[in-house]
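> Give me the fold of what follows.
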Amino acid sequence: MPCGAGCSSTCCPMPADAGALPPGLCATAAVALVAFDDDGVILEANTGMAQLVQHPAGALVGQRLGTLMTLAGRVVFDNHLLPVLKLSGRAQELALQLRTADGGGVFVMCSAVRLATGSGPRNECAFMPMNERKRIEQELLRIKHSVEHMPGALLQLLLQGGGGVQVSAPGEAVCALLALPAPGIDAPLLDAVHADDRARVSEELQASARDMRPWHGEFRLQRPGAPAWRAVEARPQRLDGGRLLWHGYASDISSRKAVEAAVAETVRVKEMLLHEVHHRVKNSLQLVSSLLSLQARGIADADARAALQEARTRVSVVARVHEQLYESGAHGTLDIAQHLRRLAEDTLSSLGGGRIRLDFDGQAQPVLALEQAVPLSLVLAELLTNAVKYAFPGGGHGTVTLRLTEDEGRLRVALADDGVGLPAGFDPGASRGLGMRIVQALLLQLDAQLENPRTQRGACFVITMRACSAAGAPAAPAVAG
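The predicted structure is shown next:
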């Protein structure tokens, strides 16, 4: 029957006074319209219906309407829509899913009316796409599921006139999380906080209220048994009347705190073991040094005795490194400036008998990894020993200068004396002495350069190397034996 809006199409499902569907819906309407008999066979379909299911409008006529629906849609159509139409003459706002030509599906809301015509009953139905509505409903369900299964709970904190902070109208999840008395009843937050954490939490909240900045708090609950840790992330908001309200989220971080405690204990045990290792290495090296000293005393040959004493000195240098690591507690790195200063003072004192003074200038304060500190110490010990032995013959007095500077990650160690100087044509790289051969091997291990600048008086050696802490120390190349 016509819609009364200048259209003669019989696809309009009902007259304006029928009440089920709006008037003016014709073959070109955006709403999908379809007419079908009591067996569900399509009699007419408009363009909107054809577009909805992606079929030509003419191709729909003669098909069973149920074939354009998914299995779930057919169940609604056969078991609800058709029976209701036959019984009451109309069916409104039924949700079902149509099947498109490409195999997809589209959710629709349908309303139908049953009309009496001269040729028998005629059913007319309008389909309104509801994909967007369905998407929003599904998103709301997803959000609801996420909120219900989140590991924490949303809460509100209200600042009281006296400075206290109340948990405002806590829900069941908040009460369970913070061990509060009952849902819906305001409760002081600090009552739930462990006594040892209350002062800190109170100070954090007051600072958040004063500066209007978010509060990120972690605290233990006031309850017996194993520590139960909670975290709260909350943002303050100034209300009418000057009151302050925090909107936040509370969560259980007991598992994380347990892992952190286990890691801290592992680190503590590791440091204790390294501490003991350095102590035992130092003692072992000192024992070797003592054995070399005893052996040297029993040898009549002066050259052999001197060789053993030099070996003992080198062992003592390595032992000193481990001793300082043991004393400092920094098991992988060493404050090299202070270490080299002590090494120079002790070497000059023991070998020079107090006749050679040290002038130290530690402009740089680098921290070196153990694999750099040991060979650098040995190099400096060899150079200091040579200075004592050769720079001041006949028991002369003098000064040894030690300078440490650093520039763009490069450490420069300069050792100079005011003694008699080096022999003419001296080349450290070509020297056949054991001490200088050891120096060259250690420099190779450090990937360092040794310079021998000429001075007006005495000798000077400059070591340049890349300074690395334990975390960034380069792998030391192998040294040929």
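> From residue 112, how far off is the residue in the chain sticking out farthest from the centre?
For the chain, the largest distance from the centre (Cα atoms, centre = their mean) belongs to residue 118, which lies 76.3 Å off. As defined by Cβ to Cβ, to the nearest Å, residue 118 lies at a distance of 20 Å from residue 112. From N, CA and C alone the C-beta is placed, and that goes for glycine too.
> and what of residue 401?
For residue 401, the distance to residue 112 - Cβ to Cβ - is 105 Å.
> Contacts only, for the residue farthest from the centre of the chain.
With contact set as Cβ atoms under 8 Å, 6 or more residues apart in numbering, residue 118 has no partners.
> same thing with the one 10 residues further on?
Residue 128 makes contacts with 31-32, 108-111, as judged by Cβ under 8 Å, 6+ apart.
> Go again with 6 Å.
Applying Cβ atoms under 6 Å, 6 or more residues apart in numbering to residue 128 gives the contacts residue 109.
> domains in this structure, as residue ranges please.
Listed by automatic domain parsing, the domain ranges of the chain are 32-134, 147-256, 332-466.
> Could you point out which of those sits nearest residue 280?
Set against residue 280 and scored by Cβ to Cβ, these come closest in domain 332-466, at 15.2 Å.
> Check the offset of that closest one from the chain's centre.
In terms of Cα atoms, centre = their mean, to the nearest Å, the centre of domain 332-466 is found 44 Å from the chain centre.
> Stretch 178-186 too?
Put simply, stretch 178-186 sits 34 Å off its chain's centre (Cα atoms, centre = their mean).
> tell me, what residue is most central in this structure?
Central residue of the chain (Cα atoms, centre = their mean): residue 256, 13.5 Å from the mean position.
> tell me the phi and psi of that residue?
Note on residue 256: backbone dihedrals following degrees, to the nearest 10 are phi -60, psi -40.
> On the strand side of things, show who the closest residue to it other than its chain neighbours bridges to.
In this structure, residue 256 finds its nearest non-sequential neighbour in residue 229, 7.5 Å apart by Cβ to Cβ, 6 or more residues apart in numbering. Per DSSP bridges, the residues bridged to residue 229 are residue 220.
> For residue 229, give me the pLDDT.
Note for residue 229: predicted pLDDT of 94.
> The one 4 residues further on now?
Model confidence at residue 233, given as pLDDT, is 94.
> Tell me who's in contact with it.
Taking Cβ under 6 Å, 6+ apart, one finds 216, 248-249 in contact with residue 233.
> buried ones in stretch 143-158?
Under the neighbour-count criterion of 16 or more other Cβ atoms under 10 Å, stretch 143-158 has 152-153, 155-158 buried.
> beta partners for residue 235?
Under the criterion used (DSSP bridges), residue 235 bridges to residue 247.
> Does it touch residue 216 like I think?
No: Residue 235 lies out of contact with residue 216 (Cβ atoms under 6 Å); the separation is 10.3 Å.
> Under the pLDDT cut-off, which ranges of the stretch 151-300 of the chain? List them.
274-275, 278-279, 282 (pLDDT under 70).
> can you map out the helices along it?
Counting by DSSP state H, counting those that start in this stretch, the stretch 151-300 of the chain has helices at residues 172-178, 189-192, 195-211, 254-297.
> And the third one, what does it pack against?
Using 3 or more Cβ pairs under 6 Å, 6 or more residues apart in numbering; DSSP states H and E as the contact test, the elements touching helix 195-211 are strand 215-220.
> residues in contact with residue 164?
Contact partners of residue 164, counting by Cβ under 6 Å, 6+ apart, are residue 188.
> What does it show for phi and psi?
Dihedral angles for residue 164 - degrees, to the nearest 10 - are phi -70, psi 160.
> now residue 452
The phi/psi pair for residue 452 (degrees, to the nearest 10) is phi -130, psi 70.
> How about residue 301?
Main-chain torsions, residue 301, degrees, to the nearest 10: phi -70, psi 120.
> For burial, what's the neighbour tally of it?
Residue 301: 8 surrounding residues under other Cβ atoms under 10 Å.
> For it, give its distance to residue 308.
As for residue 301, its distance to residue 308 is 10 Å (criterion: Cβ to Cβ).
> okay, the buried residues of stretch 143-158 in JSON lines with distance to residue 381 next?
Formatted as JSON lines, those follow (distance: Cβ to Cβ, whole Å):
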{"residue": "152", "distance to residue 381": "60"}
{"residue": "153", "distance to residue 381": "65"}
{"residue": "155", "distance to residue 381": "65"}
{"residue": "156", "distance to residue 381": "68"}
{"residue": "157", "distance to residue 381": "64"}
{"residue": "158", "distance to residue 381": "69"}
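> Looking at those residues, which one is closest to residue 467?
Of these, the one sitting nearest to residue 467 (Cβ to Cβ) turns out to be residue 152, at 46.8 Å.
> Surely that closest one touches residue 250?
Yes: with contact defined as Cβ under 6 Å, residue 152 reaches residue 250; the gap is 5.1 Å.
> ok, which stretches of the stretch 301-450 of the chain are helices?
Using DSSP H, counting those that start in this stretch, the helices assigned to the stretch 301-450 of the chain run over residues 302-328, 336-352, 370-386, 434-446.
> can you tell which of the ones you listed is closest to residue 414?
Nearest of the helices of the stretch 301-450 of the chain to residue 414, taken as Cβ to Cβ: helix 370-386 at 10.5 Å.
> Quick one: residues in contact with the closest one.
With Cβ under 6 Å, 6+ apart as the test, helix 370-386 has contacts from 317-318, 321, 332, 334, 336, 340, 343-344, 347, 415, 435, 438-439, 442, 445-446, 461, 473, 476.
> same deal with stretch 212-226?
With contact meaning Cβ under 6 Å, 6+ apart, stretch 212-226 is reached by 179, 192-194, 197, 201, 204, 208, 227-229, 231-236.
> buried subset of the residues you listed?
192-194, 197, 201, 204, 208, 228-229, 231-232, 234, 236.
> tally of neighbours for the residue lying closest to residue 60 once chain neighbours are set aside?
Nearest non-adjacent residue to residue 60, counting by Cβ to Cβ, 6+ apart: residue 45, 4.2 Å away. Applying other Cβ under 10 Å, we find 27 residues neighbouring residue 45.
> For residue 45, list each beta-bridge partner.
With DSSP bridges as the criterion, residue 45 is bridged to residue 34.
> Please tell me how far it sits from residue 89.
According to Cβ to Cβ, residue 45 and residue 89 sit 21 Å apart.
> I'd like the average pLDDT over stretch 363-379.
82.
> Using CSV, list the CA coordinates for it.
Taking Å, rounded to 0.1, in the frame of the first residue of the first chain, the C-alpha atoms of stretch 363-379 are listed here in CSV:
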residue,chain,number,x,y,z
GLN,A,363,93.2,16.0,38.6
ALA,A,364,91.2,13.0,37.3
GLN,A,365,89.3,10.6,39.5
PRO,A,366,88.5,7.7,37.2
VAL,A,367,87.1,4.4,38.4
LEU,A,368,88.6,1.5,36.5
ALA,A,369,87.5,-2.1,36.1
LEU,A,370,89.5,-4.8,37.8
GLU,A,371,90.9,-6.0,34.5
GLN,A,372,92.4,-2.6,33.9
ALA,A,373,93.4,-1.7,37.4
VAL,A,374,95.7,-4.7,37.9
PRO,A,375,97.9,-4.3,34.7
LEU,A,376,98.1,-0.5,35.1
SER,A,377,99.2,-1.0,38.7
LEU,A,378,101.9,-3.4,37.6
VAL,A,379,103.1,-1.0,34.8
